[in-house]
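Chemist: This is a predicted model, with the sequence first.
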Amino acid sequence: MPKSARKRKHSTTSEVPMESEDLDSRPTKEKIRPNRPDSDDRTKFQNLLFDYASRNTLTTSEAFLEHFDDIPEGPTPDSGVESIGSAESDSMSPRRPAWSDEDDLGIDVGEALNSQRRKLPLGGINERSNNYSVLLKNKFQSIVGTPNWAKIKRKIEDSNDEILTTVGFTSKAPRMSLPAGSLEFKKVKDLNSQSYNEGPFINAIEFHPTSSVGLVAGNKGVATLFACDGNKNSKLHSIAFEHFPILCAKFIKNGDEAILGSRQGHIFIYDLMAAKALRYNLPPGVTQCKNFVPSPNSQFFAVAGKWGEVHLMSGISKEKIATLKQDGEVTALKYNANGDLLFGHSDNGEVTIWDINMRRVRHKFMDEGCLHGSALAISSSDQFLACGSAQGVVNLYGMEDALKNKLPKPRKTIMNLTTSIKGLEFNCTSELLGLAAADIKNSVKLFHIASGTVFSNFPPFQSKLGLVNCINFTPGSGFFALGNQKSVVSLFRFKHYKNY
């Protein structure tokens, strides 16, 4: 057979010629664009999203209905969105299957049994005219029963669902208060484990207010930034200053800058965004900056001087604005949460309170039983004031009582430490008060304010914290850091607090 005969014959179809059409009669192509509201509607919607908080008379739902009364109730058929009913209607509506097979709908019991040469059992609830899939479902439930995973409630509490179904503020679940007695914590990797180059004396531990970054500085003149995660604590950046032992460091301007102070006649402003440091000479009359504290809004920072002087400096120009005075040497300074009051402890046990707006003394009181003050701490809620002494005693006062009386009575006197208090800090929720002394190893305690007791299991047994020189909590109280006199910053993770 010739090769041409072995080839397959393909059927050919005749091409149908296209009819000539008038170009003018063809419909013009238009780009399909999504429906966009006009400028007025867009403005109304933006005002609804961003300005509803200022409207006290209408709720979010009422405001939405007021501006969009013309929107039909429920979704449109082609919108692809299912209507969300109330809890009552949702509980009364029957459950719908996740999917359905069209082939099962046309098979009845009689047809299925005939094809299988079977008969319908006597006494059953099914009839030959019923759907065959219903017979199989009833048989499965009678033998196996309803599985546990199918018994889940229709209403599932999910915070994500709540967020996605509203444009307003969602109410948060009530936070559980910190229990007393035993503290759940875990020792994690040291914060400066990738350097150990800031000390030996760690004089400052500061945490960034918005990012999980920690700043560690010591008397070696080195300041280092670390990523605080508890696992790696990676080193981000480090900067060294010659002949400038860093004795105090604080973040300002919402963490964009950090002030580094020492015994020298100048300070350094470390710009975190540009990763560089700028030197500023101190104004006349200010000889050192080893003890200072910035205001909460970074508008001022107060520097402890000699002979009871407190120099009020500008946070922008770094120039001296005013000089405040108290009786006795200034040993500690602290702003309240609003920044309008400045508290100062002294070497004679007297606490002075200045009004920053008036630049004058507002009140003075004696710290009960204190011979030489050494530390101050104020809770973020402005509810408590803690005063530490060189004898290791910490008095906890109510703020209202301390602002009115010259001899206020402490709510609690903490006498668990016996040497000078070096570190004194409240956590963000005003539930914990950390206190540390530097003259005895492992001299650190955590005080539970609600119960008025210290946690018995902290520090852990046989821990090697060394001589603790400074302490600090992260902004969310998730971590607690302790810097000692051997270049180590120990880090603990508190399980009760979920955030950094």
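Modeler: Thanks, I have the structure now. Numbering: from 1, shown residues only.
Chemist: before we move on, what SS does the closest residue to S314 other than its chain neighbours have?
Modeler: The shortest distance from S314 to any residue that is not its chain neighbour, by C-beta to C-beta, 6 or more residues apart in numbering, is 5.6 Å, and that residue is I321. For every residue, glycine as well, the C-beta is placed using N, CA and C. Remark: I321 carries the secondary structure label strand [criterion: DSSP: H, G, I helix; E, B strand; the rest coil].
Chemist: what about I321, how many residues close to it?
Modeler: I321: 15 surrounding residues under other C-beta atoms under 10 Å.
Chemist: so who does it touch?
Modeler: 300, 312-314 (C-beta atoms under 8 Å, 6 or more residues apart in numbering).
Chemist: Return the subset of these lying in strands.
Modeler: Among the contacts of I321, the residues falling in strands (DSSP state E) are 300, 312-314.
Chemist: Please pick the buried ones from those.
Modeler: Judged by neighbour count, with 16 or more other C-beta atoms under 10 Å as the criterion, the buried members of the ones in strands among the contacts of I321 are 300, 312-313.
Chemist: Relative to N114, which of those is nearest.
Modeler: Using C-beta to C-beta, F300 is the member of these that sits closest to N114, with 93.6 Å.
Chemist: And that closest one, what's its pLDDT?
Modeler: We note a pLDDT of 95 for F300 in this prediction.
Chemist: Just to check, it is in contact with I316?
Modeler: No: between F300 and I316 there is no contact under C-beta atoms under 8 Å: 9.6 Å.
Chemist: before we move on, back to that, would a markdown table of the ones in strands among the contacts of I321 with distance to V444 be doable?
Modeler: Listed next are the ones in strands among the contacts of I321 as a markdown table, based on distance: C-beta to C-beta, whole Å:
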| residue | distance to V444 |
| --- | --- |
| F300 | 31 |
| L312 | 32 |
| M313 | 32 |
| S314 | 36 |
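Chemist: which residues in the stretch 301-450 of the chain form helices?
Modeler: 399-404 (DSSP state H, counting those that start in this stretch).
Chemist: so where do the strands sit in it?
Modeler: Chain-ordered strands for the stretch 301-450 of the chain, with DSSP state E, counting those that start in this stretch as the definition, fall at 309-314, 320-325, 330-335, 341-346, 350-355, 360-366, 373-378, 384-389, 394-398, 412-414, 421-426, 432-437, 444-448.
Chemist: Let's have those strands in a markdown table, adding distance to F479.
Modeler: As requested, the strands of the stretch 301-450 of the chain are arranged in a markdown table below (distance: least, C-beta to C-beta, whole Å):
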| stretch | distance to F479 |
| --- | --- |
| strand 309-314 | 30 |
| strand 320-325 | 35 |
| strand 330-335 | 22 |
| strand 341-346 | 26 |
| strand 350-355 | 30 |
| strand 360-366 | 34 |
| strand 373-378 | 18 |
| strand 384-389 | 21 |
| strand 394-398 | 22 |
| strand 412-414 | 23 |
| strand 421-426 | 13 |
| strand 432-437 | 12 |
| strand 444-448 | 13 |
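Chemist: right, and these - which one's nearest K235?
Modeler: When these are compared by C-beta to C-beta, strand 421-426 sits nearest K235, at 23.7 Å.
Chemist: Parallel or antiparallel, list what pairs with that closest one.
Modeler: Within its sheet, and counting by DSSP bridges, strand 421-426 is paired with strand 432-437 (antiparallel).
Chemist: Between strand 384-389 and the strand it pairs with, find me the angle.
Modeler: 10 degrees (axes from the mean of the first three to the mean of the last three C-alpha atoms, to 10 degrees).
Chemist: angle of strand 432-437 against strand 373-378?
Modeler: Computed by the same axes, to 10 degrees, the angle between strand 432-437 and strand 373-378 is 160 degrees.
Chemist: one step back: of the contacts of I321, closest to Q116?
Modeler: Using C-beta to C-beta, F300 is the member of the contacts of I321 that sits closest to Q116, with 90.0 Å.
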